[in-house]
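> the following comprises the amino acid sequence and a computationally predicted model.
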Protein chains: 2
Amino acid sequence: MHEKIATIEDVARHAGVSIATVSRALHKPNVVSQSTREKVQSAIAATGYTANVMARNLRLNRSGMILLLVPDIGNPFFSAILSGIEQGASKAGYNVLIGDTQNDPDREATYAAYLRSNQADAMILLNGRLPAPLANSPAKASPPVVIACERIPGCGLPTVIIDNEQAAFDATTHLIDHGHTRIANVAGPGNNILTVDRTAGYRRALTENGIGIDPALTFVGDYSIDSGIAAGRALLADPKTRPTGLFCASDGMAIGVIVAAKELGLRVPQDVSVFGFDDIHLAAAYDPPLTTVRQPRRRLGERAIALLLDRLDPTTPNKPAQPGPVIVPTELIIRQSTGPCPKS
Amino acid sequence: MHEKIATIEDVARHAGVSIATVSRALHKPNVVSQSTREKVQSAIAATGYTANVMARNLRLNRSGMILLLVPDIGNPFFSAILSGIEQGASKAGYNVLIGDTQNDPDREATYAAYLRSNQADAMILLNGRLPAPLANSPAKASPPVVIACERIPGCGLPTVIIDNEQAAFDATTHLIDHGHTRIANVAGPGNNILTVDRTAGYRRALTENGIGIDPALTFVGDYSIDSGIAAGRALLADPKTRPTGLFCASDGMAIGVIVAAKELGLRVPQDVSVFGFDDIHLAAAYDPPLTTVRQPRRRLGERAIALLLDRLDPTTPNKPAQPGPVIVPTELIIRQSTGPCPKS
DNA sequence: CCTTCCTCTGTAAACGTTTTCATTTTTTAT
DNA sequence: ATAAAAAATGAAAACGTTTACAGAGGAAGG
């Protein structure tokens, strides 16, 4: 008894009207008479009709789907961003299709093709790289695309990011203000735009305060805890060259550095100050509670989806693209992993 | 110059064949002659044709979409599970549509309706509750549904979970084996099935070892760090009644308990032992490194999607449903937050 | 009473595929 | 060479909608 699903035709028959009328009763209620509208309503109730979205979308040439390209969905960093995006999209009647690219250009290209084949109406890029199919086509390409998190220099697409350079500058300046002068930079991978920007902010802070830049004080990690541990061991082992403050490009690395510091018998913040980045959920509960840069991740997602919906809105078809990127503000969260520079 | 997108008809015209042949050349290459196949190939290349998935799906009456119901996508706990699911789905040519229900039954119902309206071919439930539309319909309902993480008692649907009862039993037993007899249970919300099972395991361990169950040693939290802190303060404040071991139903609460313990000047594990649950990413880097139950979250997702794909596979249409739930094994990770019971 | 203009409804054409069925062409067997 | 079988192709229907167009019926205005 696998009951066949009701189509619009069943409803029409049941109500004794044409399918056109049923469709109109649903989408332009004001153009159909009161009495038939009621007949249709009850016919729908009686048949348990649900519109076949696929057919509808085919006819309307849309998908109601927003494609979200993420480098790694397994990375908890993205969850709050996703949440912000999903909520905004859902409110506007869109669904979110998550494309986990695993940093594979092939997968990026595959997903980006969804735009052309009408499987998605728009796309949000969190992965800091333009998929191949888009790289060539004109920037103002029809299906709206928004960049979030990792800006893509020179791509001309609407973008929402935090000001990584300024945040790093502020963090480093905070250390300088507390008397530190030997300040290390525990950075992410060199080709990553976040690292580029954060390192630039770190350098500017040093330079503006008349502190020379010592290349030996930069450690290139990969944002992971383990690379933070490696950084800590490398930078803190030798008391002669040991920095008193470390600016880390992620909380994960900051935690790693602290683990290494404890290994070496150093106290945080009495002996070394460690500055993180992100304000992950556990930052406040760590020992010591982490001083860090709070990234408003949910807000980031919300702004990204808002920007996108704005471009999707048929009532404002070609509003001029925002000139610069949208910057969502960060916040320095001063906890106990940083303190004044110890007297040497 | 917004060039129209190429349809199968354009390809057919370009290749001088019928659209039927083009379709066949794509999907049943062996039934079309070598020469025409080549003509079609180059016509596709020339026109830049990409099949309109919507039209295809309408015709085939499928969506290629797997709906994933999550209570809160913003919760990092799910990210690894998502990753496992997405990877398996993607490999099988399915897309994953994430439905963030925010624990709202209305939203659950809305998403579940996607199954009926052909917007999704199948569904995975991570939210521990059957959406209303499904609750009434026969369990063997046509569109495949799989439950993961939180079992739904008596629903008869294929399920993949960890053995929460056994894991809690093992963890508690570990504490008992180290001489602890006053062991607290820092639980989750009472109506949560995970809590029910874990508390049952905790109790069984005590009972089987002849230790009475003291209701004052159970604290009901909500898996959060803050509720862990509250638990720690409540349970550890009074030296008279203080437990020497605490089994916590999440790493978050375990960390909270440790924070509270440090506040009170207690050392972990010398004064109190704290056992967590989940093995979150930061567990190993915490101070002290957390003893915990490792939940193989990615594996959980992988098994769930495998189970689902199995039921979706047209070649094995109605393989009998697995009698019991699939249990993915957990692992006790003994680190330094637990130790022998202190001499009193 | 006849026109004109609404308001409401139905017919039929799209949307881009896949697939059944019939037809044509090629191969094989006699 | 011819008949039969096999292989390759095309015409057209179907999937479930939305919507342009036109027709039917009344009301309003003359």
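In hand now; what should we look at? Model, not experiment: these values are computed from the prediction.
> test my guess that residue A:272 contacts residue A:261.
Yes. The criterion here is CB atoms under 8 Å, and residue A:272 meets it with residue A:261 at 5.6 Å. Every residue, glycine included, has its C-beta placed from N, CA and C.
> so what sits against both of those two?
residue A:236 (CB atoms under 8 Å, 6 or more residues apart in numbering or on different chains).
> DNA strand C contacts on the stretch 51-200 of chain A?
Contact residues, the stretch 51-200 of chain A versus DNA strand C (CB under 7 Å from any atom of the strand): A:55, A:58-59, A:61.
> of those residues, which is the nearest to residue A:222?
Residue A:222 has its nearest neighbour among those in residue A:61, at 42.9 Å by CB to CB.
> quick one: that closest one from chain B, how far?
Residue A:61 sits 8 Å away from chain B, going by CB to the nearest CB, to the nearest Å.
> let me see the contact set for that residue.
Residues near residue A:61 by CB under 8 Å, 6+ apart: residue A:118.
> try residue A:187
Taking CB under 8 Å, 6+ apart, we find residue A:187 in contact with A:195, A:198-199, A:218-221, A:249.
> list the helices and strands the lowest-mean-pLDDT helix or strand in chain A packs on?
In chain A, no helix or strand scores lower on mean pLDDT, DSSP states H and E than helix A:132-136, which sits at a mean of 75. In terms of contacts (3 or more CB pairs under 8 Å, 6 or more residues apart in numbering or on different chains; DSSP states H and E), helix A:132-136 is packed against helix A:105-116.
> contacts for the helix it packs on?
Under CB under 8 Å, 6+ apart, the answer for helix A:105-116 is A:65, A:67, A:69, A:97, A:99-101, A:120, A:122-123, A:127, A:129, A:131-134, A:143, A:145, B:5, B:50, B:53.
> pull out the buried members of these.
Among the contacts of helix A:105-116, those classed as buried by 16 or more other CB atoms under 10 Å in any protein chain shown are A:65, A:67, A:69, A:97, A:99-101, A:120, A:122-123, A:127, A:129, A:131, A:133-134, A:143, A:145, B:5, B:50, B:53.
> now, those that are in strands?
A:65, A:67, A:69, A:97, A:99-100, A:122-123, A:145 (DSSP state E).
> state the pLDDT value of residue A:141.
The per-residue pLDDT reported for residue A:141 equals 53.
> and if you look at the one 3 residues further on?
Residue A:144 is assigned 90 on the pLDDT scale.
> just checking, residue A:191 is part of a strand?
No. With DSSP: H, G, I helix; E, B strand; the rest coil as the criterion, residue A:191 is assigned coil and is not in a strand.
> for residue A:150, see how far away it is.
Distance, residue A:191 to residue A:150, by CB to CB, to the nearest Å: 11 Å.
> more neighbours: the two, which one.
Shown here are residue A:191 and residue A:150; by other CB atoms under 10 Å in any protein chain shown, residue A:150 has more neighbours (18 against 8).
> who's more crowded, residue A:272 and residue A:261?
Using other CB under 10 Å, the more surrounded residue of residue A:272 and residue A:261 is residue A:272, with 29 against 24.
> what sits against the more buried one?
For residue A:272, the residues meeting the contact criterion (CB under 8 Å, 6+ apart) are A:236, A:242-246, A:261, A:266.
> swap the cut-off to 10 Å and go again
If you count contacts by CB atoms under 10 Å, 6 or more residues apart in numbering or on different chains, residue A:272 has them with A:180, A:182, A:184, A:232, A:235-236, A:242-246, A:257-258, A:260-261, A:264, A:266, A:337-339, A:341-342.
> just the ones of these in strands?
Here DSSP E is the test, and the contacts of residue A:272 give A:184, A:245-246 as lying in strands.
> by neighbours, which of the residues you listed wins?
Counting neighbours by other CB under 10 Å, residue A:246 leads the ones in strands among the contacts of residue A:272 with 32 neighbours.
> so what's that residue up against?
Residues counted as contacts of residue A:246 (CB under 10 Å, 6+ apart) are A:175, A:180, A:182-186, A:217, A:219, A:228, A:231-232, A:235-236, A:253-254, A:257-258, A:261, A:268, A:272-276, A:337-338.
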